[in-house]
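Student: Task: produce atomic coordinates for the following.
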Amino acid sequence: MRVAVVFFAGAGNKSPAGHASALMEGLSEQGHEVDLIDGDRDINVKLTMHEYIVIGANAANMWGGKLSEQVGKFLSDAGIVSGKRCYAFVNKGGLKKNKTLRQLMNIMEREGMYLKKSDLISSPEEAREIGRKLHVK
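Tutor: Down below sits the predicted model:
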């Protein structure tokens, strides 16, 4: 199955790239074809060909609770994402992490994505384990 792992750095101390690449490794161990995409830098990327989409983000500021406008813009320009099964994650730590995760899930659902699961991830090891067990099919 073709899976996209998209991450947005935001203003957090921890880059979600480490968690995203660990998730990618775990998903690859299941036998999936996984593409790692930097949502802040990779523009004009289309997610239409991917069957499952993982989105990870940090808050836009150090107080948390808000995401960069780039997240919504990226998803609206990413081709056909409506109806795609997906997973959302936010780095555990900082303030208002639950509010940040809720906002990410709202953005994804507004695009018509079918949110299967969401998490607050605290370490790359935890991310790798989630990737190994994530039910993608």
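Student: Which elements pack onto the helix or strand bottoming out on mean pLDDT in the chain?
Tutor: Taking mean pLDDT, DSSP states H and E as the measure, the helix or strand of the chain with the lowest value is helix 16-29, at a mean of 91. Packing partners of helix 16-29 (3 or more C-beta pairs under 8 Å, 6 or more residues apart in numbering; DSSP states H and E): strand 2-8, strand 33-38, strand 52-57, strand 85-91, helix 124-133. (C-beta placed from N, C-alpha, C; glycine too.)
Student: Output these as a markdown table; include the columns mean neighbour count, distance to Thr100 and mean pLDDT.
Tutor: A markdown table is the format used below for those (neighbours: other C-beta atoms under 10 Å; distance: least, C-beta to C-beta, whole Å; pLDDT from 0 to 100):
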| stretch | mean neighbour count | distance to Thr100 | mean pLDDT |
| --- | --- | --- | --- |
| strand 2-8 | 24 | 11 | 95 |
| strand 33-38 | 18 | 19 | 95 |
| strand 52-57 | 26 | 7 | 95 |
| strand 85-91 | 24 | 5 | 94 |
| helix 124-133 | 18 | 17 | 95 |
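Student: quick one, which of the ones you listed is nearest to Gly64?
Tutor: strand 85-91 (9.0 Å; C-beta to C-beta).
Student: what's next to that closest one, contact-wise?
Tutor: Applying C-beta atoms under 8 Å, 6 or more residues apart in numbering, the contact partners of strand 85-91 are 12, 14, 16, 19, 23, 51-59, 97, 100-101, 104-105, 108, 113-122, 127, 130, 134, 136.
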